[in-house]
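Peer 1: need a structure here:
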Amino acid sequence: MGNYAKAEPLYQRALAIHEKALGPDHPDTAKSLNNLGDLYSVTGNYAKAELLLQRALAITEKSLGPEHPDTAKSLGNLGGFTRTWAITRRLSRSFSGRWQPMRKRLGRSTRTRPRASVIWGALRIHGQIREGRAALSAGAGNQ
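Peer 2: As a prediction, this is how the structure comes out:
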């Protein structure tokens, strides 16, 4: 897994340089928006990710046209984000408030940790930190 905390200011700096040097509607600015949007997506900052990915798509469509390969990349990024967000929301709804019964059923088996990590991610994104911590700590002893 990458060091996202170190990557974020670098992506932000690249975006600022592109915006200043090339303008806010330049295709290279859209690439920087896509990069930062992808970072926000994988770190669970979905509100920021969606805004940046939508802005990148608008720029590429306007500046390069709807059939350009870079527009297709922007569409793919936004589509992947939308899919991830939908899955995360579905997981969160499925596991919210159900972790304790699942924990009793699963016990502390070696298979608990991967499941706990998925549950933690889904709950953390939706502000349910207490449930997420319980999910993660249930599998903490398993490596």
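Peer 1: how close does Thr82 sit to Ile59?
Peer 2: Using C-beta to C-beta, to the nearest Å, one gets 18 Å for the distance from Thr82 to Ile59. No exception for glycine: its C-beta is placed from N, CA and C like everyone else's.
Peer 1: Compare neighbour counts for those two and give me the winner.
Peer 2: Ile59 (24 against 14; other C-beta atoms under 10 Å).
Peer 1: pretty sure that one is touching Ala30, no?
Peer 2: Yes - Ile59 is in contact with Ala30 according to C-beta atoms under 8 Å; the separation is 4.0 Å.
Peer 1: what residues do these two have in common as contacts?
Peer 2: Ser74 (C-beta atoms under 8 Å, 6 or more residues apart in numbering).
Peer 1: So which elements touch the helix or strand hosting Ala16?
Peer 2: Following DSSP states H and E, one finds Ala16 within helix 4-22. With contacts taken as 3 or more C-beta pairs under 8 Å, 6 or more residues apart in numbering; DSSP states H and E, helix 4-22 sits against helix 27-42.
Peer 1: Check which helices and strands the helix it packs on sits against.
Peer 2: helix 4-22, helix 46-64, helix 69-95.
Peer 1: worst average pLDDT in those helices?
Peer 2: Mean pLDDT values for the helices and strands packed on helix 27-42 show the minimum at helix 69-95, a mean of 78.
Peer 1: that older thread, between the helix holding Ala16 and helix 27-42, how many degrees?
Peer 2: Put simply, helix 4-22 runs at 160 degrees to helix 27-42, going by axes from the mean of the first three to the mean of the last three C-alpha atoms, to 10 degrees.
Peer 1: Could you list the buried residues of helix 4-22?
Peer 2: Buried residues in helix 4-22, counted by 16 or more other C-beta atoms under 10 Å: Tyr11, Ala14, Leu15, His18, Glu19.
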